[in-house]
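**Q** just a sequence and a predicted model for now, questions to come.
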Amino acid sequence: ARVKESLKARKSLLVLDRIYFDLLGPPFRYKTGMMSPHWDLFLWAVLMNRHDLALVLWKHTANPTISALTACILYRKMVPHSKVEVQERLHDSAHEFEQMAIKLMVNARQEDMPLALKALERPHGLWFGWTAFDLAVEGECRDFVHKCCTQASENRWTGDIDASRSNAERPWLPVAAIVFLNLFALGLFAPWTLQYENAPMSEELRQPAQLRRIPEGYPNKPQNNPILARRKEMWDTEKLRECEKGM
């Protein structure tokens with residue numbers, strides 16, 4: 001009897017995973033049990049249109065912004081498969097989660113703008129490397145994109161160039177003008193007109209527009225970088241010669 005119950009429960013989980021796959025598509029790389037029980041129950045509550053329960057469980061998820069945007073996508077993907085009288089409730093629930101995601105990002109930007117931008121553009125393994133910005137576009141969260149993703153959108157155009165720092169240090173010269181100026185000048189003005197983002201800490205944290213290669217040993221083991229090791233050896237040799245001359 002226990003074996004039959006176990007097989008029945010396993011079959012139910014497989015069916016649930018298949019429903020998520022059909023609604024959210026291949027980028028959603030989630031299987032029940034991969035994350036916390038709160039996340040499993042949260043997704044189930046959204047799927048069952050148990051909105052009040054979903055709100056309670058959402059507060060216990062590990063990444064509330066990603067969770068809220070995932071709920072928006074799931075609610076809106078469910079609309080074509082639902083009865084007419086239920087569709088309006090689904091739209092309202094999606095809108096509420098979108099507004100909560102906006103509040104989170106607004107508060108994060110007030111605390112630390114650069115860190116909030118990095119969080120917005122951080123790839124998430126649950127969504128095959130998609131970012132919160134990507135999820136907002138997929139879920140048609142127009143308010144979220146308009147209020148929270150303007151700077152992130154500009155950063156995707158500028159790539160490794162830190163648009164916020166370049167603008168802040170030279171507000172009289174827009175970033176677009178800086179870029180074109182350097183293109184026509186073959187990059188001669190780049191050292192004093194542009195500020196660049198650091199390389200990502202790891203490939204998992206690489207943002208969509210970041211192209212810089214991660215240097216060997218970066219960021220915590222500079223002794224493993226051959227270029228830095230040679231420079232340190234040269235510096236030590238020069239110091240030794242200076243000491244010998246002083247003697």
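**A** That came in fine, so what should we check first?
**Q** and the contacts of stretch 9-20?
**A** Stretch 9-20 is contacted from outside by 28, 30-33, 43-44, 47, 74, using Cβ atoms under 8 Å, 6 or more residues apart in numbering. Where C-beta positions appear, they are placed from N, C-alpha and C, glycine not excepted.
**Q** same question for it, mean pLDDT?
**A** Throughout stretch 9-20, pLDDT has a mean value of 84.
**Q** tell me the buried residues in it?
**A** Under the neighbour-count criterion of 16 or more other Cβ atoms under 10 Å, stretch 9-20 has 16-17, 20 buried.
**Q** now, the most widely separated pair of the contacts of stretch 9-20?
**A** Gly33 and Leu74 (18.2 Å; Cβ to Cβ).
**Q** one step back: reformat the contacts of stretch 9-20 as TSV; add secondary structure and pLDDT.
**A** Below are the contacts of stretch 9-20 laid out as TSV (DSSP: H, G, I helix; E, B strand; the rest coil; pLDDT from 0 to 100):
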residue	secondary structure	pLDDT
Phe28	coil	90
Tyr30	coil	85
Lys31	coil	85
Thr32	coil	84
Gly33	coil	82
Leu43	helix	93
Trp44	helix	93
Leu47	helix	94
Leu74	helix	95
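**Q** could you identify the buried members of these?
**A** For the contacts of stretch 9-20, a burial check counting by 16+ other Cβ under 10 Å picks out 28, 30, 32, 43-44, 47, 74.
**Q** helix or strand right after the helix or strand harbouring Glu96?
**A** Counting by DSSP states H and E, the element that carries Glu96 is helix 84-111. Downstream of helix 84-111, the next assigned helix or strand under DSSP H and E is helix 113-120.
**Q** for the helix or strand following that next one, packing partners?
**A** Downstream of helix 113-120, the next assigned helix or strand under DSSP H and E is helix 132-138. Under the contact definition 3 or more Cβ pairs under 8 Å, 6 or more residues apart in numbering; DSSP states H and E, helix 132-138 sits against helix 64-78, helix 84-111, helix 113-120, helix 142-148.
**Q** residues making contact with helix 132-138?
**A** By Cβ under 8 Å, 6+ apart, the list of residues contacting helix 132-138 from outside reads 65-66, 69-70, 72-73, 101, 105, 119-122, 124, 127, 130, 141, 144-145, 148-149, 152-153, 208.
**Q** before we move on, the earlier item: as a markdown table, the helices and strands packed on helix 132-138 with distance to Asp134 would be great.
**A** Below are those laid out as a markdown table (distance: least, Cβ to Cβ, whole Å):
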| stretch | distance to Asp134 |
| --- | --- |
| helix 64-78 | 9 |
| helix 84-111 | 13 |
| helix 113-120 | 10 |
| helix 142-148 | 11 |
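**Q** centre of the chain to the helix or strand hosting Trp157, how far?
**A** Secondary structure assigned from DSSP H and E places Trp157 in helix 150-158. Remark: helix 150-158 is offset 13 Å from the chain centroid, using Cα atoms, centre = their mean, to the nearest Å.
**Q** same check on stretch 122-131?
**A** Averaging C-alpha positions (Cα atoms, centre = their mean) puts stretch 122-131 6 Å from its chain's average.
**Q** circling back to that earlier point, of the contacts of helix 132-138, buried ones?
**A** Buried subset of those (neighbour count, 16+ other Cβ under 10 Å): 65-66, 69-70, 72-73, 101, 105, 119-122, 124, 127, 130, 141, 144-145, 148-149, 152.
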